[in-house]
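# just a sequence and a predicted model for now, questions to come.
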Amino acid sequence: MNELSHVDEATGEVRMVDVGTKPLSRRRAVARGRVRMAESTAARLRTLPKGDALTVARIAGIQAAKRTSDLVPLCHPLPLTHVEVDLAIDAAGVTVEAAVETTAQTGVEMEALTAVSVAALTVYDMAKAVDKDMQIDEIVVVTKTKEAV
C-alpha cells in the first residue's frame with residue numbers, strides 16, 4: 001500500500017481514497033488544543049464585548065466538525081453521530097477538547113481536529129480586542145479508536 005494514500009500510484013495525481021469496500025466500524029477521535037492568553041483575558045471570556053466566547057466557540061466547533069469535508073478537500077463527508085466540544089479555562093488560557101464519533105468506513109480525526117481549530121479561532125476572534133498577544137497552539141489528536149460493528 002502506498003504511504004500517501006491520497007496519491008494515485010499510477011498517475012501521481014491527488015485523489016480521494018476509495019473506502020467503499022471497507023466494513024463499517026464505530027470510530028471515535030479526540031483532539032485537543034490551547035489558546036494561550038493573559039490571565040486577565042481568561043478571567044473575562046464569558047463577559048467579552050462580543051459576548052460569551054466559550055458558548056460561541058463550542059457551537060462553532062460543533063458546526064466545524066459537521067462541515068469538515070467542505071473545508072478539507074479530500075475528506076469524506078461522514079454521518080457524525082456525536083460531537084462534543086469542551087473548553088476549560090485556566091490562568092494561562094483555554095484548553096479546547098473535541099470528541100467526535102461516527103459509524104463509517106473511515107475515521108473522524110480530521111473532524112475532531114477541525115472542531116478544535118475552529119473553536120480556538122473563535123475564542124481568538126472574540127478576545128482579540130482585549131488581548132493582542134494570544135497564541136493558538138498544541139492542536140493534536142489525543143486518541144483514535146475503531147470497533148467492529
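It's in. Quick caveat, the model's predicted, so the values are computed rather than measured.

# what about the residue nearest to A43 when sequence neighbours are not counted, how many residues nearby?
Distances taken as Cβ to Cβ, 6 or more residues apart in numbering place I89 nearest to A43, at 7.9 Å, with adjacent residues excluded. C-betas here are computed from N, CA, C, even on glycine. For I89, the count of nearby residues is 19 (other Cβ atoms under 10 Å).

# isn't there a strand covering I89?
Yes. Secondary structure of I89 (DSSP: H, G, I helix; E, B strand; the rest coil): part of a strand.

# that one touches R44, doesn't it?
No. The criterion here is Cβ atoms under 8 Å, and I89 misses it with R44 at 10.0 Å.

# now the closest residue to P79 other than its chain neighbours, what's its secondary structure?
Nearest-residue entry for P79: T102, 6.0 Å, with adjacent residues in sequence omitted and distances by Cβ to Cβ, 6+ apart. Taking three-state DSSP as the rule, one finds T102 in the strand state.

# thanks a lot, catch you later.
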